[in-house]
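Colleague: coordinates only, sequence not included:
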C-alpha cells in the first residue's frame, strides 16, 4: 500500500499541512526570516519582471558578439532612454488628463446623480427595482472611501517602504542579467543522479513558463493599448491616453482585466455623449476580438495550454483571496504549479520504468 500513488500523495499533503501548522505556531522563531523575505520580495519580483522583459535584447546583442557587460550597459541605457521619453512626452499628457478629470469630478458627479434621478423617476416602467442596486453601489462606495481614509497612514507608510525597497531593484536586476545561466547549475549542485536531472529539467521548464507568460502578456497588452488609443482618438473620446494606459495595466489579468478596464471608459463615454458609449463598446469588442483571435495566438501560442474557463476561475478565486495583487499573480502562479506537477508526474513515470528495467535485467537461475 505504501507504494500506491494515492497513499504517497496523501502523506505528502499531511506533512505539508503539519509543517505549515508548526510554522504558524512557532512564527516567532521564523519572524526574522519572514521579515527578510518580505523585504526582498518586491525588489526581487520587479527585478525578475524587468529581466524577463529585457533578456531577449541581451540575447540579441550577445548573438552579435557583444560582451555580457556591454549588453547589460546597453539595456540600462535603453531603459534610461525609455524613461526619459515617458517623462517628457507621455507623463505630462497623462498628468494633464488626470488634472482635467479631477477638476471635472464635481460636474461629473452631478451628471451621474441626474442620471440616477432619471432612472428612479422611470422605475415604474422598469422590470426591476433600481433602488436596491443603486443603494448597494452607494454603500459599497462609501465603505471603500471610509476604508481608504482609515488606512491612510498605513498606505503612506507602505508607500515610503516601497520607495525604499525599490533601491534594491537595480541590484537584483543587474545580477540576474549577469549570472542568470549560473542559477540552475548552482541550485542542483547538492544533488546527483536522476533527481539532479529532474530538478534541472524542472527549473528549466519553470523558467520557460514564466518567460513565455511575462514576455507574451507584456507584448499583447502593449499592442492592445495602442489599438484602444487609436480607436479612442478616432471617435474623439476624452482622456483617451489615460484610458488606454489603464487598459494596458489591467490587461495583464487575462480575460477579466480588459472588461474591468472597459467600465471607466464606458462611464466617461456616457458622460461625454450617450452615443459615444456605442462607439466605445464597438472599439472594445473589436480590440478584444483582434487580441484573442490574432495577437495572442501568434504571440503566446499554446505555450501555457490553459483553458479559458480555468483562467477565469483561477483569477476570480485569487481575487477573492488576495484582492488585486492575487489577480495579477494568479495565472503565472497556477502555470508554475502546473509545470511542477507535470514534471513530478513525468519523473515518477521515468523512475518507475527504470526500476522495472532493472528488475527485468536481473540474474536468472539456471536449471542444472
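Modeller: Cool, got the structure. Keep in mind the model is a prediction, meaning the values are calculated, not measured.
Colleague: pLDDT below threshold where in the stretch 1-150 of the chain?
Modeller: 1-6, 8, 27-30, 104-105, 107-150 (pLDDT under 70).
Colleague: which residues in it form helices?
Modeller: 5-25, 27-62, 68-85, 91-103, 105-121, 130-150 (DSSP state H, counting those that start in this stretch).
Colleague: and if you look at the stretch 251-368 of the chain?
Modeller: Using DSSP H, counting those that start in this stretch, helices in the stretch 251-368 of the chain cover 256-272, 274-290, 296-299, 308-360.
Colleague: can these go into TSV with extra columns for distance to residue 88 and mean pLDDT?
Modeller: (C-beta placed from N, C-alpha, C; glycine too.) Putting those into TSV (distance: least, Cβ to Cβ, whole Å; pLDDT from 0 to 100) gives the following:
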stretch	distance to residue 88	mean pLDDT
helix 256-272	26	82
helix 274-290	28	86
helix 296-299	29	65
helix 308-360	29	76
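Colleague: now, of those, which is deepest in the fold?
Modeller: Mean neighbours per residue, mean count of other Cβ atoms under 10 Å, is largest over those for helix 256-272, with a mean of 18.
Colleague: show me the contacts for the closest residue to residue 235 other than its chain neighbours.
Modeller: Of all residues not flanking residue 235 in the chain, residue 279 sits nearest, at 4.4 Å (Cβ to Cβ, 6 or more residues apart in numbering). Contact analysis of residue 279 by Cβ atoms under 8 Å, 6 or more residues apart in numbering lists 235, 237, 269.
Colleague: between those residues, which is nearest residue 199?
Modeller: Closest approach between the contacts of residue 279 and residue 199, by Cβ to Cβ: residue 237, at 51.9 Å.
Colleague: I'd say that closest one and residue 281 touch.
Modeller: No. With contact defined as Cβ atoms under 8 Å, residue 237 does not reach residue 281; the gap is 11.8 Å.
Colleague: Now do the shared contacts for these two.
Modeller: Common neighbours of residue 237 and residue 281 (Cβ under 8 Å, 6+ apart) do not exist.
Colleague: so how far is stretch 205-221 off the chain centroid?
Modeller: 10 Å (Cα atoms, centre = their mean, to the nearest Å).
Colleague: Please disregard the earlier target; I meant stretch 69-77.
Modeller: 26 Å.
Colleague: Make residue 1 into 3 and carry on from there
Modeller: Understood, numbering begins at 3; the last thing we discussed is stretch 71-79.
Colleague: What residues of that stretch count as buried?
Modeller: For stretch 71-79, burial by neighbour count (16 or more other Cβ atoms under 10 Å) applies to 73-74, 76-77.
Colleague: same deal with stretch 57-70?
Modeller: 57, 60, 63.
Colleague: Tell me the one among the residues you listed nearest to residue 18.
Modeller: residue 57 (32.8 Å).
Colleague: Distance of the nearest residue in space to residue 102 that is not next to it in sequence relative to residue 89?
Modeller: Leaving aside its sequence neighbours, residue 102 sits nearest to residue 241 (Cβ to Cβ, 6+ apart; 7.4 Å). Separation of residue 241 from residue 89 (Cβ to Cβ, to the nearest Å): 20 Å.
Colleague: would JSON lines of the buried residues of stretch 57-70 with distance to residue 225 be doable?
Modeller: Shown next, in JSON lines, are the buried residues of stretch 57-70 (distance: Cβ to Cβ, whole Å):
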{"residue": "57", "distance to residue 225": "20"}
{"residue": "60", "distance to residue 225": "22"}
{"residue": "63", "distance to residue 225": "24"}
